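In: predicted coordinates and the sequence they were generated for:
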Amino acid sequence: MTIRNTVYELTITTRSPLHIGTGRELVRDYDFLFDEPAKIAYMLDAEAVLLLAEEEWKRRDTQLRKRATDFDAKPAHQQTEKEEQQIRTEAQTLKEIKRTLFTGLTFEQLREARLLNIKRHLEARVMVAGRPVVRYALSGMLSHSANVYEQVKNAHGQPYLPGSSLKGALRTILAWYHFPERQQPVSLEALQSRRTNRPPDAKFAGENYETALFVVPTKNKPINEQNRDILRMLQVGDSTPVAVEHLILAPITVYGSAPPTGQVGQPKHKAGGMDVLNVEALDRDVTLHARLHIERYPFVAGADRQRGLDFAACQSWLDTLPAAGRARSEARIAAELAYYQQKKLTPLVQFYAGLQDELRQLDAQSFLLQLGWGSGWGSTTLDDRLQAHSDGFAAVVQHYKLDQPIKRKASTFRSGDSFPATRKLVLNQGQPWWPLGWVRVEMREVPR
């Protein structure tokens, strides 16, 4: 019998800015130069910039020497003290620049020293020794933070969506969709490690739920849990890359549920300013393509059943992936819409109302999904499945201090409180405007 895997072509379209980070921070004036008037961040090749600065220094030094020679050749009555002083000052300036050029001048200092020019060098995309000075440029606002978190890119500097990020998001929606079937209790005791009989570290808090949801039990000798995970059969490839021009510079605020007295819908303030940072992000309405494979052999393999592994019982979980995605996005969009309606934050209300309309119009093989950095606690956990058990959920939040960014502070969370209290939002002209990470996923089976 020939067993063919099921292959789907995925068309993924960003509905809000999407940030999948590398963990690296790009530092202003060392990794990029920001043009304030034009609101453009030029990501520069530091070695090429240094070569360019050296060339510029030599050009200015040659011009100065010629000017000094021409000055000396003038008749005495044509030589002015002002011009002589200008030549001496320029000579001293060039001497000082040469002394500091290779000891760590920032891009801004090079610009101030007239060795790096936005119009002549950056806008013109000059090359030095066969390498571009500007690696790429991002349009957008920059917050008061000096750094930008980098977007993941391939070896050619093109952004893409890693298959691991997408599979993690799909795993979460399957867990959310099937959690009620497993009838798992929600309590601190339910999280206790089987090895220590104590709640595990926060990183492994969901381990028991993961096992109950995805690990197929065995009747015979123990088999490694990783080999019994049904999502081994779900293989998601990296997306095709897109041009770097699809990246934007996105300033981020942490929007809180407790604004200052008398203010509605204001970002939280920290140390006298908005709690903001910056990220590179794929812009809205960018389309990527990826492939998803469902391996069919374990679902029909008699040898596995003889070993006590019955993967066939879970085959429908993977086949109902679009339905799970639609149900999850419907619940999450409704919850977020209610949150922003309560906050009277019009741009976000309009955004989520638009997502609701879009979801209703999608066919049965398409769904909406939130993933990536900044998508929030709700998009990476069982979310309302846990919160439905208010007392047990409160015990978990209190134990792990999930309501406290600084873990040394005691939890103040009580049963029935809203959770989480904050959202990461993209700013537009200084105002919270978009959530992060919403995409539309369209699945089409590839004929085999």
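Out: Structure received. Owing to the predicted nature of the structure, the values given are computational and were not obtained by experimental measurement.
In: pretty sure Arg385 contacts Pro180?
Out: Yes - assessed by Cβ atoms under 8 Å, Arg385 is found in contact with Pro180 at 7.1 Å. Every C-beta, even on glycine, is put in place using the N, C-alpha and C of the backbone.
In: so for these two, which sits in the more crowded spot?
Out: Each of Arg385 and Pro180 has its neighbours counted (other Cβ atoms under 10 Å); Arg385 has more, 19 against 10.
In: contacts only, for that one.
Out: By Cβ atoms under 8 Å, 6 or more residues apart in numbering, Arg385 lies in contact with 176, 179-180, 186.
In: how does it look with 10 Å?
Out: Residues counted as contacts of Arg385 (Cβ atoms under 10 Å, 6 or more residues apart in numbering) are 175-180, 184, 186, 209, 331, 393.
In: then Ala323?
Out: 173, 177, 364-365, 367.
In: where's it, which helix or strand?
Out: Using DSSP states H and E, Ala323 sits within helix 321-343.
In: buried residues of the next helix or strand after that helix, list them for me.
Out: The helix or strand immediately downstream of helix 321-343 is helix 346-361, counting by DSSP H and E. By neighbour count on 16 or more other Cβ atoms under 10 Å, the buried set for helix 346-361 is 348-349, 351-352, 355, 358-359.
In: next one: stretch 160-168
Out: Neighbour-count burial for stretch 160-168 [16+ other Cβ under 10 Å]: 160-163, 165-167.
In: could you chop this structure up by domain?
Out: 6-22+157-445, 45-133 (automatic domain parsing).
In: pLDDT of the first one, averaged?
Out: Translated: domain 6-22+157-445. Mean pLDDT, computed over domain 6-22+157-445, is 86.
In: run through the residues that contact Lys201.
Out: Small correction: residue 201 is Asp, not Lys. Contacts for Asp201 (Cβ under 10 Å, 6+ apart) come out as 193, 207, 400.
In: between these, which has the most around it?
Out: Tyr400 (17 neighbours).
In: and the helices in the chain, which stretches?
Out: 46-73, 81-101, 107-112, 163-182, 207-214, 297-300, 302-306, 315-319, 321-343, 346-361, 377-380, 384-387, 390-400 (DSSP state H).
In: hmm, Phe351 and Leu337 touching each other?
Out: Yes - using Cβ atoms under 10 Å, Leu337 is in contact with Phe351, at 8.9 Å.
In: next, format the buried residues of stretch 160-168 as CSV and append distance to Thr14.
Out: Conversion of the buried residues of stretch 160-168 to CSV gives the following (distance: Cβ to Cβ, whole Å):
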residue, distance to Thr14
Tyr160, 12
Leu161, 9
Pro162, 15
Gly163, 17
Ser165, 13
Leu166, 13
Lys167, 18
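In: quick one, strands of the stretch 151-300 of the chain?
Out: 234-236, 247-256, 269-270, 273-274, 276-282, 287-294 (DSSP state E, counting those that start in this stretch).
In: mind checking which of those strands is nearest Thr11?
Out: Among these, the nearest to Thr11 by Cβ to Cβ is strand 287-294 (6.0 Å).
In: quick one: buried residues of that closest one?
Out: Those would be 288, 290-292, 294, for strand 287-294 by 16+ other Cβ under 10 Å.
In: burial of the closest residue to Leu427 other than its chain neighbours, as a residue count?
Out: Distances taken as Cβ to Cβ, 6 or more residues apart in numbering place Pro251 nearest to Leu427, at 4.5 Å, with adjacent residues excluded. Number of residues near Pro251 (other Cβ under 10 Å) recorded here: 21.
In: sorry, back to before: among the helices of the chain, which comes closest to Leu33?
Out: For Leu33, the closest of the helices of the chain is helix 107-112, at 4.3 Å, according to Cβ to Cβ.
In: quick one: mean pLDDT for the closest one?
Out: 90.
In: same thing with stretch 33-49?
Out: What stretch 33-49 shows for mean pLDDT is 93.
In: quick one, which of the helices of the chain gets closest to Val244.
Out: Judged by Cβ to Cβ, the one of the helices of the chain that comes nearest to Val244 is helix 46-73, at 16.6 Å.
In: which strands or helices does that closest one pack on?
Out: helix 81-101, helix 107-112, strand 127-128, strand 131-132, strand 134-139 (3 or more Cβ pairs under 10 Å, 6 or more residues apart in numbering; DSSP states H and E).
In: for these, which one ends up most surrounded?
Out: Among these, strand 134-139 has the highest mean neighbour count (mean count of other Cβ atoms under 10 Å), at a mean of 19.
In: partner strands of that strand and their direction?
Out: strand 40-44 (antiparallel) (DSSP bridges).
In: wait, what's in contact with the closest residue to Gln151 other than its chain neighbours?
Out: Nearest residue to Gln151, sequence neighbours excluded (Cβ to Cβ, 6+ apart): Glu280, at 3.8 Å. Taking Cβ under 10 Å, 6+ apart, we find Glu280 in contact with 17, 19-22, 26, 41, 43, 136, 138, 140, 148-153, 159, 244, 247-250.
In: kind regards, and thank you for your time.
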